[in-house]
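S.K.: Here's a sequence, model it:
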Amino acid sequence: MKIKNLRWLVAFALFIAALLNYVDRNVLGLLASTIQKDLGISNQQYASIINYFLIAYTIANLLSGRIVDKLGARRSLALFVVWWTIANGFTGLARSLWQFCVLRFMLGLGEAGCYTASPKAVAEWFPPTERGVAVGIYSAGGAVGATIAPVLVVLIAENFGWRWVFAVTPVVACLWLIFWLWVCRDPASHPHITDKEKTLLAANLKPTEPRESELILWGRVLREPLVWILMLARLITDPVWYFFQFWFPKYLHDGRGLEQKGLAIMWLIFGAATIGFTAGGFLSGWLVKRGVKPSASRIWIMLVSACVAPMIGVIPFLPTTMVVIGVAMIVAYASTAWLSNITALIVDIVPRRILGTAFGAIACGSALGGLFMNKAVAWFIDHGSYNRCFYVMAAVYPIALLLVWHLRRRANAN
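M.R.: Here you go, the predicted model:
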């Protein structure tokens, strides 16, 4: 049986994978104050748990990119999801700081692969005019997962205890695995793809060049200035999104007096992030349809985001929690619109046969930025307040825009 627009089922499967990824990632941040109290964990120790995740995430970005290029998006993403689901499930059994550190390290090793395999799948299954939308869809899965997580955590933790929260996603992951292995195959030989869709993807189905040695391939990736510019841009901007996931619930609890059950309000912020991921992709796609080159269209949307995101710097001065939530929603929207477009920009420019490797190298900047951010936030809290965190985050997007803006000539050439 032929299925029309099969590529959008692939996008849906990527959406669900990202949703699971972010539910598993965000549960700890939402339970942070409860777990710290239960196990006697300090702010610095909590930062260390997150950093074990991010250290593994950094390592895995490099390794998973090569795995994706060798195994392909289908097999590699299945492997990554199974790995991180097992790690997350066992986290509910952790009894000590070191057990948490080890399990979050294992989680990071698996979760990074979601964001090196997904761009590869998009490059294979979507034409350039639709890639921004496809990236926005699977990126929105992460934000939807983060939106669901606060409500899920409060419901389960309040009724059954925090350990049971970690037992939910393994069941969904098993169902996802069956669907993914069915829907994502080689577009050139997929038994359910229509001739019309195969024609649409004809440019993506061209034979790739012969494989290069590891040394030559890494040399090609690391000699490319574009890789280093985008790596630096993600290093300074991605920590804002990490802050919303790992620290903003603690800020609302410690700095604004919200109780554990009140943190369910985080769904509003992550809901705004979902809109940012999808709207960012649709808007850049809209520009492409009106004659703007795909890569340049991403940069124009990033310009708008860089003008809006600095609003985060006013949060310490806001009088009420609801006003804080409102501003945080706007900033989360801008942050995720930026993230979806910088991802699409990489897919536009980097050759498909080395996309996983290059994307992994660029994503290392994201994880390293998160590592520095975690230690800095913990230090700021222990030596004053959260205020300086917000001031620093207000400056990073304009700086990153200056880096990326210089890519317009390069982007317009692609």
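S.K.: what residues are up against residue 141?
M.R.: With contact taken as Cβ atoms under 8 Å, 6 or more residues apart in numbering, residue 141 is in contact with 14, 15, 16, 17, 18, 19, 21, 22. Every residue, glycine included, has its C-beta placed from N, CA and C.
S.K.: Lowest-confidence member of those residues, which is it?
M.R.: Least confident entry in these, by pLDDT: residue 22, with 84.
S.K.: Which positions in whichever strand or helix holds that one come out as buried?
M.R.: In the assignment (DSSP states H and E), residue 22 maps to helix 6-39. The neighbour-count check on helix 6-39 (16 or more other Cβ atoms under 10 Å) flags 6-11, 13-36 as buried.
S.K.: Can you pick out the most distant pair from the contacts of residue 141?
M.R.: 14 and 22 (12.8 Å; Cβ to Cβ).
S.K.: Going along the chain, name the helices of the stretch 151-300 of the chain.
M.R.: 169-183, 195-200, 214-222, 225-246, 248-250, 266-289, 294-308 (DSSP state H, counting those that start in this stretch).
S.K.: Out of the ones you listed, flag the one nearest residue 334.
M.R.: Closest of the helices of the stretch 151-300 of the chain to residue 334 is helix 294-308, at 4.0 Å (criterion: Cβ to Cβ).
S.K.: if we look at that closest one, which residues are touching it?
M.R.: Outside of helix 294-308, the residues that reach it under the criterion Cβ under 8 Å, 6+ apart are 128-129, 131-132, 280, 283-285, 287-288, 292, 330-331, 333-335, 337-338, 341-342, 344-345, 348-349, 397-398, 400-401, 404-405, 407-408, 410-412, 414.
S.K.: Out of those residues, list just those in strands.
M.R.: Among those, no member is found in strands (DSSP state E).
S.K.: Just the buried subset of the residues you listed, please.
M.R.: The neighbour count (16+ other Cβ under 10 Å) marks 128, 131-132, 280, 283-285, 287-288, 292, 330-331, 333-335, 337-338, 341-342, 344-345, 348-349, 397, 400-401, 404, 407, 411 as buried among the contacts of helix 294-308.
S.K.: Sort out for me which of those are in helices.
M.R.: 128, 131-132, 280, 283-285, 287-288, 330-331, 333-335, 337-338, 341-342, 344-345, 348-349, 397, 400-401, 404, 411 (DSSP state H).
S.K.: what's the closest non-adjacent residue to residue 102?
M.R.: The spatially closest residue to residue 102, leaving aside those adjacent along the chain, is residue 52, at 7.5 Å (Cβ to Cβ, 6 or more residues apart in numbering).
S.K.: measure the one you found to residue 59 for me?
M.R.: 11 Å (Cβ to Cβ, to the nearest Å).
S.K.: These two: which has the busier surroundings?
M.R.: Counted by other Cβ atoms under 10 Å, residue 52 and residue 59 do not tie: residue 52 has more neighbours, with 21 against 16.
S.K.: quick one: contacts of stretch 123-138?
M.R.: Counting by Cβ under 8 Å, 6+ apart, stretch 123-138 makes contact with 7, 10-12, 14-15, 17-18, 73, 118-119, 122, 184, 187, 200-201, 203-204, 277-282, 284-285, 288-289, 294, 297-298, 340-341, 343-344, 347-348, 352, 355, all of which sit outside it.
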